[in-house]
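1. Sharing a model that was predicted from the sequence below.
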Amino acid sequence: MMKVDVKIWAVSALLLACSPSQDTGTEEGKDLGLSTYYKDYFPIGVAVSPSALQGVQAQLIKDNFVSMTPENVMKSGPIHPQEEVYNWAPADKVAAFAKENQMKLRGHALLWHNQAPDWLFVDSLGNDVSKEILYQRLERHITDVVTRYKDVIYAWDVVNEAISDESGQFYRDSKWYQICGEEFIAKAFEYARAADPNVQLFYNDYEVINPVKREKIYQMVKGLQDAGVPIDGVGIQGHWSVYEPSESTLRATIDRFTGMGLQVQITELDVSIYPKEHAPRDKNEDDDDTFTDELKQKQIDQYDMIFRVFRENKEKLSSVTFWNVSDQYSWLDFFPVNGRKDYPLLFDEDNQPKEAYWKVVGF
Ligand code: G3I
């Protein structure tokens with residue numbers, strides 16, 4: 001009996017210690033919503049699918065975020081599945097939600113090797129098109145998509161992930177690169193600028209915390225700038241984990257891109273509970289997906305560090321965007337290990353704030 005009482009007391013004390021009023025110093029423990037706590041720092045956004053824009057998640061989005069990025073529906077494959085067919089409806093839904101709720105909208109992504117439609121690269125016989133034809137198609141695609149959302153999108157990820165992960169290779173060996181060489185990158189920025197003179201144009205990539213890849217990205221972006229290509233910013237995706245990056249690596253990553261006269265944004269933030277892997281693989285018997293107390297604490301500490309560094313760099317960061325809304329669904333549930341649940345966000349599977357949330361807003 002005594003043991004049970006002690007346990008109840010301990011649990012109550014723990015709950016009290018984690019309550020909003022204790023951790024955040026907010027009035028009467030009222031949760032102001034993530035973005036409000038950060039209003040003097042940077043806008044905080046979230047990647048969404050149209051299905052997240054109804055019910056509980058829609059409210060969560062409105063309460064906590066001031067910006068959105070469409071997770072998939074504006075990518076070239078989903079939005080332009082055949083040469084003469086545009087699938088505007090899902091993207092329109094995201095754009096309308098942003099307008100109705102006075103939220104900022106980041107466009108994602110005009111050119112990517114992944115989720116690009118097959119028709120783009122081949123002729124009617126299935127042979128690769130010439131680079132001239134590919135540029136014509138790219139120009140039309142970018143012009144149509146940028147023009148349609150000109151009234152609501154303030155920034156576009158123009159080129160996504162063009163740099164190779166291999167240390168001995170500079171550019172990713174994509175279909176774009178095979179047909180056009182590196183020139184396709186500049187072309188995409190030029191087409192986007194012609195379609196909208198006012199929108200901000202970003203290069204966006206992952207694994208920027210890796211010093212070798214970071215340096216390649218820096219060199220490429222610097223080369224574009226020196227050549228007069230209209231680029232306004234660099235997107236550091238931020239698909240990180242409880243094991244990386246370290247504080248010094250994170251600081252070095254941000255610092256590398258400041259001082260270039262470009263904007264720097266964190267565009268796709270999540271903190272996986274697993275060591276980072278970048279290639280898909282099957283689930284095996286060692287894949288335990290229990291979100292243990294130890295992992296919860298590691299994630300709290302990692303988010304605490306990441307947002308402390310972000311706050312200290314508020315003059316250098318013009319936005320921070322989470323990739324997905326809550327642990328109810330994350331792309332990490334099926335990548336890199338299909339069917340291995342991950343818990344990478346600040347809201348839990350029931351769309352409630354996690355302890356990591358209170359830590360992030362409790363400064
Ligand atoms: O829509 C189809 C559906 O019709 C089909 O039944 C189902 C069967 O697999 O697939 C559905 O498409 C999936 C799509 O997400 C929408 O859910 C694709 O298979 C799946 O591959 C796709 O994954 C997306 C991934 O990009 C593609 O590589 C993730 O949702 C999306 O979060 C992820 O986002 C990328 C960023 O754009 C760029 N940076 C990395 C980031 C994470 O990979």
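-> Here it is on my side, so go on.
2. Ends of stretch 63-83, what's the gap?
-> 39 Å (Cα to Cα, to the nearest Å).
3. residues from this protein in reach of the ligand?
-> 71-72, 114-115, 160, 206, 237, 268, 331 (Cβ under 6 Å from any ligand atom). C-beta: built from backbone N, CA, C; applies to glycine.
4. Can you flag the buried ones in the residues you listed?
-> 71-72, 160, 206, 237, 268, 331 (16 or more other Cβ atoms under 10 Å).
5. Could you point out which of these is nearest to residue 187?
-> residue 160 (14.8 Å; Cβ to Cβ).
6. before we move on, back to that, quick check: the farthest pair among the buried ones among the residues of the chain next to the ligand?
-> So, those by Cβ to Cβ: farthest apart are 72 and 206, at 16.1 Å.
7. Give me the phi and psi angles of the residue nearest the centre of the chain.
-> Computing the C-alpha centroid of the chain and ranking residues by Cα atoms, centre = their mean puts residue 268 first, at 1.6 Å. Per-residue torsions, residue 268: phi -150, psi 70 (degrees, to the nearest 10).
8. how much space between it and residue 220?
-> According to Cβ to Cβ, to the nearest Å, residue 268 stands 19 Å off from residue 220.
9. Residue 154 now?
-> In terms of Cβ to Cβ, residue 154 sits 24 Å off from residue 220.
10. Compare these two (neighbour count), which wins?
-> residue 220 (20 against 15; other Cβ atoms under 10 Å).
11. isn't the more buried one right next to residue 189, touching?
-> No: Residue 220 lies out of contact with residue 189 (Cβ atoms under 8 Å); the separation is 11.7 Å.
12. Mutual contacts of these two, please.
-> Counting by Cβ atoms under 8 Å, 6 or more residues apart in numbering, no residue touches both residue 220 and residue 189.
13. Can you read off the pLDDT for the residue of the chain found nearest the ligand?
-> Using Cβ to the nearest ligand atom, the single residue of the chain nearest to the ligand is residue 331, 3.4 Å away. The model reports residue 331 with a pLDDT of 98.
14. does residue 319 belong to a helix or a strand, and which?
-> Per DSSP states H and E: residue 319 is located in strand 317-322.
15. Sheet-wise, list the partners of that strand with their directions.
-> In its sheet, strand 317-322 lies beside strand 44-48 (parallel), strand 263-272 (parallel), with partners assigned from DSSP bridges.
16. Which SSE is immediately downstream of the last one?
-> Right, strand 263-272. Criterion used, DSSP H and E; the element after strand 263-272 is helix 293-312.
17. ok, and for that next one, which residues are buried?
-> If you call a residue buried by 16+ other Cβ under 10 Å, then helix 293-312 has these buried ones: 296, 298-300, 302-303, 306-307, 309-310.
18. need the strands paired with strand 317-322 in a markdown table with distance to residue 227 and mean pLDDT, can you?
-> Shown next, in a markdown table, are these (distance: least, Cβ to Cβ, whole Å; pLDDT from 0 to 100):
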| stretch | distance to residue 227 | mean pLDDT |
| --- | --- | --- |
| strand 44-48 | 30 | 99 |
| strand 263-272 | 19 | 98 |
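19. avg pLDDT for the strand holding residue 319?
-> Rounded mean pLDDT across strand 317-322 is 98.
20. Repeat that for stretch 86-98.
-> In this model, stretch 86-98 has a mean pLDDT of 98.
21. and that stretch, which residues are buried?
-> 88, 90-91, 93-95, 97-98.
22. re earlier: can you tell me which of the buried residues of helix 293-312 is nearest residue 110?
-> residue 310 (26.4 Å).
23. my read: the closest one touches residue 41, true?
-> Yes: in this structure, residue 310 is within contact of residue 41 by Cβ under 8 Å, at 7.3 Å.
24. Any idea how far stretch 112-131 is from the middle of the chain?
-> Stretch 112-131 has its C-alpha centroid displaced from the chain centroid by 26 Å (Cα atoms, centre = their mean, to the nearest Å).
25. wait, I meant stretch 252-272
-> For stretch 252-272, the distance to the chain centre is 12 Å (Cα atoms, centre = their mean).
26. now the helices: where do they sit in the stretch 101-250 of the chain?
-> 131-148, 175-180, 183-195, 211-226, 247-257 (DSSP state H, counting those that start in this stretch).
27. what's the most buried one of these?
-> helix 183-195 (a mean of 20; mean count of other Cβ atoms under 10 Å).
28. quick check: mean pLDDT across that helix?
-> 98.
29. Tell me what angle that helix forms with helix 131-148.
-> Angle between the axes of helix 183-195 and helix 131-148 is 40 degrees (criterion: axes from the mean of the first three to the mean of the last three Cα atoms, to 10 degrees).
30. tell me what helix 183-195 is packed against?
-> On a contact count with 3 or more Cβ pairs under 8 Å, 6 or more residues apart in numbering; DSSP states H and E, helix 183-195 meets strand 104-112, helix 131-148, strand 153-160, helix 175-180, strand 200-205, helix 211-226.
31. 6 Å instead?
-> The contact analysis (3 or more Cβ pairs under 6 Å, 6 or more residues apart in numbering; DSSP states H and E) places helix 183-195 against helix 131-148, strand 153-160.
32. Report pLDDT for residue 26.
-> pLDDT, read off for residue 26, is 49.
33. Correction: the previous question concerned residue 5.
-> At residue 5, pLDDT is 42.
34. go on, residue 278?
-> pLDDT for residue 278: 86.
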